[in-house]
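> sharing a model prediction with you, sequence too.
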Amino acid sequence: MGTLSERTLAIAESATQVIDARAKSLIAQGQDVIGFGAGEPDFTTPDYIVAAAVEACQRPQLHKYTPVAGLPELRAAIASVSKPDLPHAVDASQVLVTNGAKQALFNALAGIINPGDEVIIPAPYWVTYPEVVTWLGGVPVAVMGDEANGFKVTPGQLQAATTAKTKAIVFASPSNPTGAVYGADELTAIGQWALENNLWVISDDIYRNFVYDGAEFHSIGSLVPEIADHYVAVNAVSKSYAMTGWRLGWMIGPLELIKAATRLQSHSTSNVSNVAQAAALAALQGDAASVVAMRDEFDHRRRLAVDMLSQTPGISCVEPLGAFYVFPSIKDLLGKTVHGHRIDSSLGFGEVVLEEIGIAVVPGEAFGAPGYFRLSYALSEDKLKEGLARLTNLLG
């Protein structure tokens with residue numbers, strides 16, 4: 001066998017997927033494990049969306065290849081529902097339907113980055129951002145948000161990290177893994193910084209529908225419309241409609257970039273599954289009651305998780321205002337011994353809690369933030385209570 005590609009060998013497997021797979025494997029072996037790793041709603045896809053998919057299976061025209069960029073009616077619907085989040089109104093030609101938000105992110109970065117280009121990534125970050133940048137020959141530049149500021153970065157921090165090679169910023173609010181939500185003034189300032197430095201902004205809006213305690217979702221594009229020629233919005237139906245397995249996302253951006261990304265997709269995956277596209281169309285055109293109900297339930301679990309973690313010795317937790325994660329600190333536990341195990345890192349902490357009490361969490365190292373761990377509360381209230389009670393008892 002010949003030597004494999006260095007850049008592909010260098011890619012780290014998604015830590016969140018690894019933890020989730022490990023937890024599911026242990027459960028399949030009969031072990032009592034509660035998985036807090038996956039960012040996946042525990043709700044089922046709403047019935048009306050499933051019904052649309054079943055109906056689509058009976059349509060012969062959907063048994064064939066369809067346009068690489070997506071079904072025209074779906075692209076139009078995405079353009080319509082996305083208007084509040086964009087610098088200006090767009091039409092279907094500026095939408096590319098992808099196999100989930102990950103492919104949209106990959107396509108967008110592939111259309112922008114040249115080898116050696118630097119991409120600023122606010123940290124803690126979603127595990128995929130730096131890996132894609134690196135694979136494409138770019139250089140990820142992490143800028144760490146201060147816990148005292150809710151893990152949010154400032155324009156001053158971003159400017160300090162900017163060089164002549166800086167090409168773009170990948171940005172998310174609400175954030176994964178911290179649940180940080182930026183206010184309108186904060187986003188406007190960041191947008192102005194990007195505009196002044198002639199940078200691309202790739203905005204990951206996947207958690208836009210999950211904000212709490214009076215927080216509001218805002219986008220840089222809507223607040224700083226002058227950035228339109230260098231702005232890409234990435235989203236999907238996966239989180240808001242409990243459709244993670246359907247693999248349906250999209251990117252919206254300048255026409256030239258969308259055309260280039262469509263050419264790339266024509267050689268990688270071609271069109272997204274037509275059944276998934278029909279289901280996504282039904283989701284976007286249907287009643288939003290299921291989204292509201294899911295958000296309300298996540299809000300309840302969010303408050304429960306923060307309350308229980310605040311009573312757990314050695315752990316502190318910034319209250320998140322968005323998404324469905326908490327990102328607690330274990331810095332007070334470092335160097336201490338728990339049930340015969342010395343805790344020297346959040347990686348070690350993750351091993352201990354899995355081995356000792358059967359809960360699976362994602363260590364902060366995966367998100368560029370050692371000393372923390374991510375815990376998803378997108379699982380049933382009973383499992384949430386049980387898992388956190390185990391943690392409290394272990395550390396108590």
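Arrived safely. Numbers count the residues shown, from 1 in each chain.
> where does the nearest residue to Gly145 once chain neighbours are set aside fall, phi/psi-wise?
Nearest residue to Gly145, sequence neighbours excluded (CB to CB, 6 or more residues apart in numbering): Phe151, at 3.9 Å. In short, each C-beta sits where N, CA and C put it, glycine included. Backbone torsions of Phe151, given as degrees, to the nearest 10, read phi 70, psi 20.
> ok, Phe151 - contacts?
Shown in contact with Phe151 (CB atoms under 8 Å, 6 or more residues apart in numbering): 124, 145, 175, 178, 180, 318, 327.
> distance check, the most centrally placed residue in the chain against Phe324.
The chain has Asn176 as the residue nearest its centroid, 5.2 Å off, counting by CA atoms, centre = their mean. Separation of Asn176 from Phe324 (CB to CB, to the nearest Å) stands at 9 Å.
> so what sits against both of those two?
39, 207.
> thought Trp193 was touching Thr154?
No. When contacts are counted by CB atoms under 8 Å, Trp193 is not listed as touching Thr154 (9.3 Å).
> which one's more surrounded, those two?
When Trp193 and Thr154 are compared for neighbours, Trp193 comes out ahead with 22 against 17, by other CB atoms under 10 Å.
> so what's the spatially closest residue to that one that is not a sequence neighbour up against?
Spatial nearest neighbour of Trp193, chain neighbours left out: Pro155 (4.3 Å); criterion: CB to CB, 6+ apart. By CB under 8 Å, 6+ apart, Pro155 lies in contact with 189-190, 192-193.
> confidence score at Pro155?
For Pro155, the pLDDT comes out at 98.
> look up how far Pro174 lies from it.
According to CB to CB, Pro155 and Pro174 sit 19 Å apart.
> mean confidence score for the strand or helix carrying Tyr48?
Per DSSP states H and E: Tyr48 is located in helix 47-57. Here helix 47-57 scores 98 as its mean pLDDT.
> could you pull up phi and psi at Val338?
Per degrees, to the nearest 10, the backbone of Val338 is at phi -120, psi 120.
> that one touches Gly396, doesn't it?
No. Using CB under 8 Å, Val338 is not in contact with Gly396, being 10.6 Å away.
> if you count surrounding residues, which of the two has more?
Shown here are Val338 and Gly396; by other CB under 10 Å, Val338 has more neighbours (17 against 9).
> how many neighbours does the residue lying closest to that one once chain neighbours are set aside have?
Leaving aside its sequence neighbours, Val338 sits nearest to Val352 (CB to CB, 6+ apart; 6.0 Å). Using other CB under 10 Å, Val352 is surrounded by 18 other residues.
> would you tell me what the next helix or strand after the helix or strand where Val352 lies is?
Using DSSP H and E, Val352 sits in helix 346-357. Using DSSP H and E, the helix or strand that follows helix 346-357 in sequence is strand 359-360.
> quick one: contacts for the closest residue to Arg390 other than its chain neighbours?
Distances taken as CB to CB, 6+ apart place Ile357 nearest to Arg390, at 4.1 Å, with adjacent residues excluded. Counting by CB under 8 Å, 6+ apart, Ile357 makes contact with 390-391, 393-394.
> ok, 10 Å please
By CB atoms under 10 Å, 6 or more residues apart in numbering, Ile357 lies in contact with 32-34, 339, 387, 389-395.
> please apply the same query to Pro225.
Listed by CB under 10 Å, 6+ apart, the contact set of Pro225 reads 86-88, 191, 231.
> redo that, cut-off 7 Å
By CB atoms under 7 Å, 6 or more residues apart in numbering, the residues touching Pro225 are 87-88.
> next one: Phe373
So Phe373 contacts 328, 330, 346, 349-350, 361-364 (CB under 7 Å, 6+ apart).
> mind listing what Ala168 touches?
112, 119, 199-200, 202.
> change it to 8 Å
So Ala168 contacts 109, 112-113, 117, 119-120, 199-202 (CB under 8 Å, 6+ apart).
> okay, the contacts of Phe373 in a markdown table with pLDDT, distance to Ile220 and neighbour count next?
A markdown table is the format used below for those (pLDDT from 0 to 100; distance: CB to CB, whole Å; neighbours: other CB atoms under 10 Å):
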| residue | pLDDT | distance to Ile220 | neighbour count |
| --- | --- | --- | --- |
| Pro328 | 98 | 28 | 24 |
| Ile330 | 97 | 32 | 27 |
| Ser346 | 92 | 30 | 27 |
| Phe349 | 93 | 35 | 24 |
| Gly350 | 92 | 33 | 24 |
| Val361 | 95 | 31 | 25 |
| Val362 | 94 | 27 | 29 |
| Pro363 | 94 | 30 | 22 |
| Gly364 | 95 | 26 | 26 |
